[in-house]
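Chemist: Sequence plus the predicted model coming up.
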Amino acid sequence: MYLRGTEPAEPFFGAGDDELSHAQGWDVVFGGRFGRGVLNLDGEPHRAYRQALVPLLRRNTVTCHQGTITELLERSLLSLPLGTPVDLHAFTQLLAFKVAARVFAGMDEHEAQELHGLFGQLRTPPAGDLGTPGGNAAARRVGRARRRVRELLRGAVGRLEHTDGPVRRLRALPDPPPDDVIGENIAILILAGYETTGYLSARLLWLLARHPGEQEAIRAEPGDPSAAPRLDAAFQEAARLHPPLAWLPRRATADLVLGATRIPAGTEAFYSVTDTQRDPDLFAEPHAFRPQRFADGERHGRFALTPFGAGRRICVGIHLGTLETKLIVSRTVREFRLSATPGPYIGDLSSNGSTVTPAAPLLARLDRICG
């Protein structure tokens, strides 16, 4: 069942796990291929893990990672070809993965590169039915990938036991999880962090390539990118047009009424962030990239904008993802002038009913700015 609009939003985001299950909802999207963590757990385990991890991800805390983000960004920018179309999503997705792997698992770029490839194998369910040669071979590949991911994350848990981070925070709980479960929490943090940040960074860069006036305004802003008003308005508008989670998955664990919609127990319920954020009753010119709507302080109503969720289960990494996206975009447009390649507007596709990827490569030409 698909929900949209602000009417069902408040009960949807306010529902308890005994009404709408996150764990069962996310099982529809990627099952248990990445294990269980703060994103796809319910009840007391979720509350305990979230309470342990949130202090690491507060707005005033994540600034300590700015040096790491900048270091990896500068190295990645050096590899970009000039004067020829660049796939922005491929660039930002790998960069965001390296950042997440460094921040949450202490991995160097070589380990992060390997883990990125393994995550790629696990993101999409195996093709073919079990019992067929193709299906059996695909299942074996997924099994090997999962074993190698667990091995890499066990190494991360051991490496980080004396560092203030997810390992120490989770081990400090009154009922600490075993190391394999800590590794699964790290895997979920990396998964949620790189997919959303990599996608949103690429979308914003691509939109700025198509709107050179907005690009120039951001380039001209002085000071800290995290406090730049034009960049913030463009960030919010990109997140409105292209939320990294187009649909938020849940499964009803009780008979519910959300707004005017009755949802029987056992029903899969998906809240459409994209449809809501493009509702003409909430946003004028809903399909246009118009950052000025946020710069002018237009009021759009509660739950009109929820690209990172809302309520008690709002994305724990919202501040890190926002900082990272702004640093990536600000540094890139100060270093390069982005030009759109000819062609129609590129929409989104989803293979799992929640996360999205561009329907075609998000191409832009980069030319170095001199002086």
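Modeler: Received it, and whenever you're ready, just let me know what you need.
Chemist: only C-alpha atoms for contact and neighbour calcs from this point on.
Modeler: OK.
Chemist: pull the longest helix from this structure.
Modeler: Counting residues, the longest helix found in the chain (DSSP state H) is helix 179-210.
Chemist: Quick one: mean pLDDT over it.
Modeler: Taken as a whole, helix 179-210 has an average pLDDT of 96.
Chemist: Work out the gap between it and the centre of the chain.
Modeler: The chain centroid and the centroid of helix 179-210 are separated by 4 Å under C-alpha atoms, centre = their mean, to the nearest Å.
Chemist: and that helix, what other elements does it pack with?
Modeler: Contact here means 3 or more C-alpha pairs under 8 Å, 6 or more residues apart in numbering; DSSP states H and E; on that basis helix 179-210 packs against helix 88-105, helix 133-159, helix 166-171, helix 212-219, helix 229-241, helix 318-335, strand 336-340, strand 363-368.
Chemist: burial measure for Arg262, as a count.
Modeler: One way to gauge burial is a neighbour count; for Arg262, by other C-alpha atoms under 10 Å, it gives 11.
Chemist: got it, and Glu44?
Modeler: In terms of burial, Glu44 registers 10 neighbours under the definition other C-alpha under 10 Å.
Chemist: Model confidence for it, exactly?
Modeler: pLDDT recorded at Glu44 is 95.
Chemist: roughly how far apart are the closest residue to Ser201 other than its chain neighbours and Ser226?
Modeler: The spatial neighbour of Ser201 that comes closest, neighbours along the chain excluded (C-alpha to C-alpha, 6 or more residues apart in numbering), is Thr325 at 5.1 Å. In this structure, Thr325 and Ser226 are separated by 9 Å, where distance is defined by C-alpha to C-alpha, to the nearest Å.
Chemist: between the two, which one's more packed in?
Modeler: Between Thr325 and Ser226, counted using other C-alpha under 10 Å, the more crowded position is Thr325 (26 against 16).
Chemist: Does the more buried one touch Leu200 like I think?
Modeler: Yes. Assessed by C-alpha atoms under 8 Å, Thr325 is found in contact with Leu200 at 7.2 Å.
Chemist: picking that back up, save the helices and strands packed on helix 179-210 as CSV, and put in distance to Arg302 too.
Modeler: Output for the helices and strands packed on helix 179-210, formatted as CSV (distance: least, C-alpha to C-alpha, whole Å):
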stretch, distance to Arg302
helix 88-105, 30
helix 133-159, 39
helix 166-171, 32
helix 212-219, 27
helix 229-241, 14
helix 318-335, 18
strand 336-340, 34
strand 363-368, 34
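Chemist: so which of the ones you listed gets nearest Ala48?
Modeler: helix 166-171 (8.5 Å; C-alpha to C-alpha).
Chemist: Surely Val86 forms part of a helix?
Modeler: No. When classified by DSSP: H, G, I helix; E, B strand; the rest coil, Val86 is found to be strand rather than part of a helix.
Chemist: what is it paired to in the beta sheet?
Modeler: Under the criterion DSSP bridges, Val86 forms beta bridges with Ala364.
Chemist: distance of it from Gly193?
Modeler: 23 Å.
Chemist: the more surrounded of those two?
Modeler: Neighbour totals were compared for Val86 and Gly193, and Gly193 leads with 23 against 19 (other C-alpha under 10 Å).
Chemist: thought that one was touching Ala101?
Modeler: No. Assessed by C-alpha under 8 Å, Gly193 is found out of contact with Ala101, at 9.4 Å.
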